[in-house]
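> Predicted coordinates and the sequence they were generated for:
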Number of protein chains: 2
Amino acid sequence: MKKERLRIALAQINPVVGDLKGNSDKVIAWMKKAVGLGADIVSFPELITTGYPPEDLLLKSNFIADNIQELERICRNATDIVAVVGFADQAKKGLYNAAAVAARAKVRGVYHKVYLPNYGVFDEKRYFAAGKDFPVFAIGRTAFGVNICEDIWHLEGPAGVQAYKGARLIININASPYHMGKGLMREKILKAQAKKNNVFISYVNLVGGQDELVFDGQSLVIDDKGRVIARAKAFAEELLVIDVDLKECPRKSKIFLGGISPDKTKLAGPSVAAAKEETGEVYHALVLGLKDYIFKNNFKKAVLGLSGGIDSSLVATLAVDAIGAKNIVGVSMPSAYTSQESKEDAQRLARNLGIEFQTVPIQEIVDKYLEFLKAAFAGKAPDVTEENLQARVRGNILMALSNKFGYLALNTGNKSEVSCGYCTLYGDMAGGFGVIKDVPKMLVYKLAEFKNKKEGREVIPARVFEKAPTAELRVNQKDSDSLPEYVVLDKALKLYVEEDMSLTDMVRSGILPDVANTVVRLVDSNEYKRRQAPPGIKITPKAFGKDRRMPITNRYR
Amino acid sequence: MKKERLRIALAQINPVVGDLKGNSDKVIAWMKKAVGLGADIVSFPELITTGYPPEDLLLKSNFIADNIQELERICRNATDIVAVVGFADQAKKGLYNAAAVAARAKVRGVYHKVYLPNYGVFDEKRYFAAGKDFPVFAIGRTAFGVNICEDIWHLEGPAGVQAYKGARLIININASPYHMGKGLMREKILKAQAKKNNVFISYVNLVGGQDELVFDGQSLVIDDKGRVIARAKAFAEELLVIDVDLKECPRKSKIFLGGISPDKTKLAGPSVAAAKEETGEVYHALVLGLKDYIFKNNFKKAVLGLSGGIDSSLVATLAVDAIGAKNIVGVSMPSAYTSQESKEDAQRLARNLGIEFQTVPIQEIVDKYLEFLKAAFAGKAPDVTEENLQARVRGNILMALSNKFGYLALNTGNKSEVSCGYCTLYGDMAGGFGVIKDVPKMLVYKLAEFKNKKEGREVIPARVFEKAPTAELRVNQKDSDSLPEYVVLDKALKLYVEEDMSLTDMVRSGILPDVANTVVRLVDSNEYKRRQAPPGIKITPKAFGKDRRMPITNRYR
């Protein structure tokens, strides 16, 4: 059978939710780039006009109308190329998560997403009706089908029907958020789809941070034998272009889009970016998630407390990599319980990173509170109240700097402490963005090591790794006074939070009954704190936030 | 045609989410009460074993297994009555929002909810598969169908099929949360269903508070002419019992449950509770929502700041009605900007309510902060930073009292200020529960008036109503310096937040362009604050929280 050589481009771009005009301008610009490289087809991610996820903006009729107007503008610009563009389509039967296929300056067909994810962080059934049609498009003497994200995860889904109808290539457009291990999962299912249906698959993914989600890109082209023949970079924009040789197919009952461009510049060898090692991948996910949260929300600089501990050291390092050392302010806020070492380590870290460093001691402020609370507290022994007060004074100082200078206040709480409520509401839980909110403590150490190794020097001082974790809110306090050792705790938390295991099953999986009991009790009783936590970047299969929707009032044990 | 007299009971009860055993014990106790009153059938609300909404507890397999075990225990107790009981049913094809029909100590049939709400506060498609069967049950010589909540809102839904199959009565079980005007909406649709299908409808609703939701009860029995023949009280538990005369119907292809109890005690005349006037209804919704949040979370006492303003005055009043004056602590926290009148009004309110009253002045604490921030703030003029600091010192004091004594800290922010971000994160936004978070400012006044009128005295001092709203965070500050007048603001907010109107449509609806612009800008740019707000009671058609899911990063204007 004869083959037709098609040049396909995958535009892995970074939109901003709600910026309909800006996103569409970017689509048009990248479409022109693809034309310049001689591509026959260019595909853009899911809902690229609106950004993903647009959430309840989709309930505003003017938002939908404006997105359709922008889609039409994009399509008018598709003069010398076929473009596949994600948008929200208002049809008679409802709103659809859709892909327009444009050619010769017009929309030639629209595909409606069939499988609407409504689990984890996804709420697509809240907004969209499910599609039922499986159009196939002819280009030159070959054909392709289009579908959207989740559609490709179903082996019995649209790709099979489209292949049956003659499609040699499936263009799947995505907004698939990152979590550890997601890349491998995707490749596995795409390979299975390609082999099962004997089709090439072009998988274009969104890239960029949007509130709690990071989209990692890593767009892929898989051949009809299930082999990865192109892979775009992770966590960066890229126009991935590759030539694919597709079998011919009869044009019957397909939507004809036009011929294939006969004269093409020669293409450099296929670009296959290496997949990142896991810790490095998480590190870059956090940097991009933070950077996009800051800039997309029009902040220029960020402030954070530096305690001399591993969490704030890592967050400062990530922040420097995200927006540059000159835009970060670190604040040491020592109390009577702060050790000399902690003060030194905070200062050394700031020096190593080259960030601005300030010191605002809190003891006198704390004492002033206690003076005025003396009457109310009469007869009561000191307890966690006095500890929380210190944390809250620090929270107030950071917020005061944030308010006065327009800095974003970065929160430095990790997933282990957020899980157990080992943190103070409005204290160390204050801040606009929880950079490592979904990073368990043991992974915090690994990420810090990764950074030092990458830089080939101790950016984060060695002593920060060595000392026992402590909140320094009373004399000789250690985290391990209140919590199981982190290596044990993190294992238990993974089973309980991410895998929804019962206490019995946790014990069966090797967690000591005492530890399992403590973990279940702490996680369950601190839902109220998490409800008021700042948003933070999802990097595990189940993060707190939209991913895990637990009642506060809950007597299930 | 002959008729059969059936005595039906509707158990409008208040469960606790996750308390599988406690809820089931209550179901069994109320079932016995119904037997004692000679009822043939008793129905319990939707998902009564688990409480509603159980949210992601439904993703735990042990939770589902435990709920089924409790359901079976309930059904073993259904010896002398037919019981309709909501639970979560694990079937081969998935998890279902289900109603078991038990008789003679066994489950005789199970109905699976067909219409799964996945809008507003609801996420049912996240958990449940949709039912497809419409069983009808025979009792004596007549028959009834069972369906669940949303099912009855669809005129072409299950009730029609069940009526066609011979059902003379539809037992619809509910967990229908309150908002203003919901009762009327429900009666309207139920009347239409009854008339259309020529059936009696027994509508049992949940009662009680669960985090941000309040279930109002107001269970109903409608006859086959569409007339309300019984109505249970709002915001209280009640066993509503009524005799209905149903036409006979052939027993063919129905699940036979047994005969009708022949000897019944005489029943008092039908109980038709009067519907409450709207302001009173909201008042009682807030009291119940607050009470249940406090007690279901095992708090005994609550603390709040008293500024002498209308918001804190109303919240204190609601709190007293919820858990009693002896369990409320009011705290005045004056600064240099607090007027003598405000101090007096706070104290007078506390005296009127008979609650504990404390004073903790904040000025010296604020000054101490400013002393230590002086270097950092060098060369900067005072601005909103210093205002926020005062609010945060107050937040810290309330939280210190909460921590030291185990009080729940009540938040006193209203919907108008939460909408506009006219509030300080971790400051006046601190607290475990936002009692009037969904109450617009003008309604705050109405509720306060309602209370004074009801008591026949000025519980809330007259001067509190008369003075111009002010945050008292700088000299001569008035809310109207920063916001449109509340009467205008509330109208604009309703259009923008509750009705998702565009700016153009707001202006077309009579909002001045300046006001509309301000409102849209303020609401959009303060999403980040609301994300960290405490939970609060929904009383409008669209509350902040699960009801309105907006991205923080959002450039749509």
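Ah, there it is. Numbers count the residues shown, from 1 in each chain, chains lettered A, B, ... in the order given.

> Residues touching stretch A:24-44, excluding its own?
With C-beta atoms under 8 Å, 6 or more residues apart in numbering or on different chains as the contact definition, stretch A:24-44 has outside contacts at A:6-11, A:13, A:15, A:48-49, A:70-71, A:73-74, A:77-78, A:80-86, A:139-140, A:144, A:171, A:173, A:202, A:204, A:239, A:241, A:260-261, A:263-265, A:267. Where you see a C-beta, it was placed from the backbone N, CA and C, and this is true even at glycine.

> out of the residues you listed, who's near chain B?
Intersecting those with the surroundings of chain B, defined as C-beta under 8 Å from any C-beta of the partner chain, gives nothing.

> If any of those are buried, put those into a ChimeraX selection.
Selection of buried members from these for ChimeraX, criterion 16 or more other C-beta atoms under 10 Å in any protein chain shown:
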select /A:6,7,8,9,10,11,13,15,48,49,70,71,73,74,77,78,80,81,82,83,84,85,86,139,140,144,171,173,202,204,239,241,260,261
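
> Let me know the helix or strand that the residue of the stretch 1-150 of chain A found nearest chain B is in.
Each residue of the stretch 1-150 of chain A has a distance to chain B, by C-beta to the nearest C-beta, and the smallest belongs to A:Gly18, at 3.2 Å. In this structure, A:Gly18 is located outside every helix and strand according to DSSP states H and E.

> which ones are touching it?
With contacts defined as C-beta under 8 Å, 6+ apart, the neighbours of A:Gly18 are A:Thr50, A:Gly51, A:Pro54, A:Leu57, A:Phe63, B:Pro551, B:Asn554, B:Arg555, B:Tyr556, B:Arg557.

> residue contacts, A:Gly308?
By C-beta under 8 Å, 6+ apart, the contact list for A:Gly308 reads A:Ser332, A:Thr338, A:Ser339, A:Glu341, A:Ser342, A:Lys343, A:Glu344, A:Asp345, A:Ala346, A:Leu349, A:Val464.

> Only the buried subset of those residues, as a PyMOL command please.
Only the buried members of the contacts of A:Gly308 end up in this PyMOL selection, burial being decided by 16+ other C-beta under 10 Å:
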select buried, chain A and resi 332+338+342+343+345+346+349+464
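
> so can I have TSV of the contacts of A:Gly308 showing secondary structure, pLDDT and distance to A:Gln358?
Compiled in TSV, the contacts of A:Gly308 are given as follows (DSSP: H, G, I helix; E, B strand; the rest coil; pLDDT from 0 to 100; distance: C-beta to C-beta, whole Å):
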residue	secondary structure	pLDDT	distance to A:Gln358
A:Ser332	strand	98	7
A:Thr338	coil	95	15
A:Ser339	coil	95	19
A:Glu341	helix	95	19
A:Ser342	helix	95	16
A:Lys343	helix	96	13
A:Glu344	helix	97	16
A:Asp345	helix	97	16
A:Ala346	helix	98	11
A:Leu349	helix	98	13
A:Val464	helix	96	19
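
> Among the contacts of A:Gly308, which one sits closest to chain B?
Chain B has its nearest neighbour among those in A:Ser332, at 12.0 Å by C-beta to the nearest C-beta.

> if I pick the closest one, what's in contact with it?
Taking C-beta under 8 Å, 6+ apart as the definition, contacts of A:Ser332 comprise A:Gly305, A:Leu306, A:Ser307, A:Gly308, A:Lys343, A:Ala346, A:Gln347, A:Phe357, A:Gln358, A:Thr359, A:Val360.

> The second one and A:Ser313 touch, don't they?
Yes - applying C-beta atoms under 8 Å as the test, A:Leu306 and A:Ser313 come out as touching, 7.4 Å apart.
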